[in-house]
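# kindly return the folded structure for what I paste below:
(2 chains)
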2 protein chains.
Amino acid sequence: MPADATLPDAALIDALRGIVGAQHVLTAADDQEPYVVDWRGRYHGHAVAVVKPAGTAEVADVVRLCAENGVNVVPQGGNTGMCGAATPTAPGRSVVVRLDRLNRIRAVSPLANSITVEAGCILQNIQAAAEAVDRLFPLSLGAEGSCQIGGNIATNAGGTAVLRYGPTRELVLGLEVVLPDGTVLDRLHRLRKNSTGYDLKQLFIGAEGTLGIVTAAALKLFARPRVSALAMVALPEIETVLTLLGRLRDAAGDRLGSLEVMSRGQIEVIRENVPDVAIPFALDAPWYLLIELTDTLAGTDLRTPLEAVLGEAFEANLITDALLAESEAQAQALWKIRHSVSEGSKRAGYVVSHDSAVPLEQQAAFARNVERRINEAVPEARVVMHGHIGDGNIHVLGILPRDRYPDMEAAAPVVRRINEIVDDETAAQGGVISAEHGIGLSNRARLGRVTGAADLQLMRRIKAMLDPRGIMNPGKVLPEPA
Amino acid sequence: MPADATLPDAALIDALRGIVGAQHVLTAADDQEPYVVDWRGRYHGHAVAVVKPAGTAEVADVVRLCAENGVNVVPQGGNTGMCGAATPTAPGRSVVVRLDRLNRIRAVSPLANSITVEAGCILQNIQAAAEAVDRLFPLSLGAEGSCQIGGNIATNAGGTAVLRYGPTRELVLGLEVVLPDGTVLDRLHRLRKNSTGYDLKQLFIGAEGTLGIVTAAALKLFARPRVSALAMVALPEIETVLTLLGRLRDAAGDRLGSLEVMSRGQIEVIRENVPDVAIPFALDAPWYLLIELTDTLAGTDLRTPLEAVLGEAFEANLITDALLAESEAQAQALWKIRHSVSEGSKRAGYVVSHDSAVPLEQQAAFARNVERRINEAVPEARVVMHGHIGDGNIHVLGILPRDRYPDMEAAAPVVRRINEIVDDETAAQGGVISAEHGIGLSNRARLGRVTGAADLQLMRRIKAMLDPRGIMNPGKVLPEPA
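Numbering: from 1, shown residues only, chains lettered A, B, ... in the order given. Alright, predicted model coming up:
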């Protein structure tokens, strides 16, 4: 990382103030605190300054200044990431670039089913802007009230609507990106079809800010679901999910919206730790499945086909119990169980969480093997699972007792052991270690265990081509060369 | 393009025979003929050999041999492309690599809604394999009986189902690719969610073989539509399409499958030149629109909502006539008109065809301006249009009389003039010059007129990084540096 110029800190800060205005450059430790620690509180970084540019041109000027001075640039959205990708932890001087002030919705077209937004827009505000023109922006996840769309794009975020609408990557029509040399790449068109050379925007989706800073995006909108039917069913074993999925696809076609699984242990953790969540059924089965059908036409009867599938599934011993939501309130209460997994688990202890995706047919073996092996290797870990089982994405959580494992340092040896088991089973089943959370800092060392050497080499060549000085979010995603 | 070794032709051919077997190396001019001329008959190339490897390893060996000898590698699927991307026209020696023998369907999973195929599989065979397990592979286009999926992926092909299912890029879950140095990149997983670093496969989709050779792909399958409703409607002006589209989206939600437009002139060209196509309505309106609703649930009534929208549209003067298909046979007869546009136009004269996509709201202005300006500049051109109007993709065709314009050379000045008009209007409306056909040879010089300098520069850096010797399909896609 050679620096062409090396302004001392004070002069660098002055130059940053000149670009974004003095009140948008945070240098005091107290002011910086929310932006140099990740939300799980595991990584503590250090920055010369946290800056809040007002628009794309200011972002570009900040990046150019940093590039000229060999200063690391750490882009940060809502700072809600799971893997520490937005914390300034690399050696050398860092500037954190917050996108908060790039928060305009630039255009909405219900006819073209598109919305153009700046990177700092809160996900929930985009959902609301879509709803205001009677459309759906389907990306939905726990942090939607505070995460920013730029961060969602940078991590290729998933959530509960992927089964029907795909991950964030598939929702992006166009991007505006500031490259590591300060150039602005304008690929912000809203076209559905484009075969004019290489699709450059794809490079920046899921790159976690290591190749540039996303400053704006054109996104897809969809027809809004008008009706839905929701059921919580109990499964005698995880293996029956696939058969049930097949029957649901046959009966409901593409009306199958969500398919979310929770282990009994996961629901117990919620019951024990989140008092205001009601569990309106006996916890006597090993697995529970939330099934949602949706339709974009008001008046469509979804309940009858769902009841029919579940009735037949009961007869065939694929499920042992089923609860159909009788009202919107009841449906929300069932969804609330699912939405409480993070909170409940966090309160239960020190959470070692995983985000593997494996081919659908391998999910049952993956879940069984991982649970057995963690129980054997780390008996004090409480192994619970939840996830997007229609997408092959089960989150395995090892919850460690807080008294023995108060922090990351204490937990480190056990975390390593659990990670090895999950990585080993993920690779054995042909999966990947991150379905939707990204790599960031947490999973960087693990990436090489499951991703091939040729792949890693090509990723490194892309990084070197776009960011030869290595200033864009250094130390994230790509593992150190062996 | 420095060559490390320079085997003379005879020795190179011997080495190729050693890799793929003597009977799969074509060197005689007659044998090569179908593979060194594009299907429109516009580009005539020359190859040292046309080779047909049997599998990925043989493709890799052929590429490695060519790389070591500084020989151009020109990948070719069904040779049905519109832009000459698969014809060996670059200076120096070329080897054409046909993928025909990589034609296995490796795996089908109706549960995971995925199919894994080799690059040489004919599109129609993939559609049939999906149907055999009661699933849909939605990519559908005129050449589906002879085009190969590898070529579809390389051009990011479009077709008539993009409105509902997206272009080829959105149908690809994973790829296996031979890189320009012969390395095999295995990204063939079938995972729906993957946030583990850069999404390398995206580089090769739409790259038209300039960055590597796609040898296999994992593709998405979908629930099969069980019912459909089809109407042909007459429009008083193209502007009313957008309002109608909005009403269809409101009434039918995501059941809107296709929306294909044809100008009156386009249908007249078909009536005059394709005798077995029936036109069961008077051609008294300037535009005609084919509307198809589909549903994955048998028994769903699509006709009633379609009739309702059309009735209201008639009252509101958005349409002047409507013909609802009363039977599957009648629906197929209406689709046949749409599927005859290429054949009819080709018989009508020398076709200068375009493939622009513009934002939906700009389509009417684009169509009007282009028609007027071509009519002014080239009065002998018959300007007709058809396209995927729900995607913003209207194909503008200038049909020139064969007697005055027998071949590409004679037509060149007029083609240049028409291209300039289309490119100028495309850029003015914020569009791109290729929605689904690609760039290849035909559009290479035009790319720089509509694509930004920063974009082109980044494309060139990607090309140089992956193919430093410039042996992969040279002279395609990227324009010569100014």
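# for chain A, give me the ranges with low pLDDT.
In the predicted model of chain A, residues A:1-5, A:482 satisfy pLDDT under 70.
# please parse it into its domains.
A:105-223, A:227-275+A:283-331, A:349-438 (automatic domain parsing).
# list the residues that contact A:K336.
A:V277 (C-beta atoms under 8 Å, 6 or more residues apart in numbering or on different chains). Yep, even glycine has a C-beta here, placed from its N, CA and C like the rest.
# repeat that for A:E237.
Per C-beta under 8 Å, 6+ apart, neighbours of A:E237: A:286-287, A:364.
# what do you get for A:S140?
A:127, A:159-161.
# ditto for A:L175
Applying C-beta under 8 Å, 6+ apart to A:L175 gives the contacts A:153, A:185, A:187-188, A:201, A:204-205, A:214, A:216-218.
# which one of those is nearest chain B?
A:L185 (5.6 Å; C-beta to the nearest C-beta).
# wait, the closest one sits on A:L203?
No. The pair A:L185 / A:L203 is not scored as a contact, 9.5 Å apart, by C-beta atoms under 8 Å.
# neighbours of A:V233, just the number please.
Residues near A:V233, counting by other C-beta atoms under 10 Å in any protein chain shown, number 25.
# A:R247: which element?
helix A:240-252 (DSSP states H and E).
# same for that helix, what does it pack against?
Helix A:240-252 sits against strand A:227-235, strand A:256-263, strand A:287-295, helix A:303-315, helix A:363-377, with contacts defined as 3 or more C-beta pairs under 8 Å, 6 or more residues apart in numbering or on different chains; DSSP states H and E.
# can you list the strands that the third one pairs with?
Taking DSSP bridges as the criterion, strand A:287-295 pairs within the sheet with strand A:227-235 (antiparallel), strand A:256-263 (antiparallel).
# what's the angle from that strand to helix A:240-252?
20 degrees (axes from the mean of the first three to the mean of the last three C-alpha atoms, to 10 degrees).
# give me the contacts around strand A:287-295.
By C-beta under 8 Å, 6+ apart, strand A:287-295 touches A:164, A:225-235, A:237-238, A:241, A:244, A:248, A:252, A:255-264, A:267, A:302, A:305-306, A:319, A:334-335, A:337-338, A:389, B:253.
# what about burial for those, which qualify?
Among the contacts of strand A:287-295, those classed as buried by 16 or more other C-beta atoms under 10 Å in any protein chain shown are A:164, A:225, A:227-235, A:238, A:241, A:244, A:248, A:252, A:255-264, A:267, A:302, A:305-306, A:319, A:334-335, A:337-338, A:389, B:253.
# nearest to chain B, of the contacts of A:E237?
Checking the contacts of A:E237 against chain B with C-beta to the nearest C-beta, the nearest one is A:A364 at 12.0 Å.
# can you list the residues of the stretch 201-350 of chain A near chain B?
A:202-203, A:205-207, A:211, A:222-223, A:226, A:242, A:245-246, A:249-250, A:252-255, A:295-297, A:305 (C-beta under 8 Å from any C-beta of the partner chain).
# and those residues, which are buried?
For these, a neighbour count by 16+ other C-beta under 10 Å gives the buried set as A:202-203, A:205-207, A:211, A:222-223, A:242, A:245, A:249-250, A:252-255, A:295-297, A:305.
# I'd like the distance from the longest helix along chain A to the chain centre, please.
Looking across chain A with DSSP state H, the single longest helix is helix A:408-428. Centroid displacement of helix A:408-428 relative to its chain, using C-alpha atoms, centre = their mean, to the nearest Å, is 20 Å.
# now do stretch A:62-70
29 Å.
# now swap in stretch A:246-258 and tell me
25 Å.
# ok so, going back, what comes up buried for the helix or strand following the longest helix of chain A?
Under the assignment DSSP H and E, the closest C-terminal helix or strand after helix A:408-428 is helix A:444-450. Neighbour counts over helix A:444-450 (16+ other C-beta under 10 Å) mark A:444, A:446-448, A:450 as buried.
# just checking: which of those also lie near chain B?
Filtered for proximity to chain B (C-beta under 8 Å from any C-beta), the buried residues of helix A:444-450 shrink to A:447, A:450.
# would CSV of the buried residues of helix A:444-450 with distance to B:A85 be doable?
What follows is the buried residues of helix A:444-450, written out as CSV (distance: C-beta to C-beta, whole Å):
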residue, distance to B:A85
A:R444, 39
A:R446, 40
A:L447, 35
A:G448, 36
A:V450, 35
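# mind picking the two most distant members of the buried residues of helix A:444-450?
A:R444 and A:V450 (12.4 Å; C-beta to C-beta).
# how about A:V396, nearest residue that isn't a chain neighbour?
Leaving out its chain neighbours, the residue that sits closest to A:V396 by C-beta to C-beta, 6 or more residues apart in numbering or on different chains is A:H354, at 4.4 Å.
# is it true that A:H395 lies in a strand?
Yes. Assigned with DSSP: H, G, I helix; E, B strand; the rest coil, A:H395 falls within a strand.
# who's in contact with it?
When contacts are counted by C-beta under 8 Å, 6+ apart, A:H395 is found next to A:341, A:353-355, A:385-387.
# please apply the same query to A:P53.
Neighbouring residues of A:P53 by C-beta under 8 Å, 6+ apart: A:19-20, A:24, A:59, A:61-62, A:97, A:99, A:101-102.
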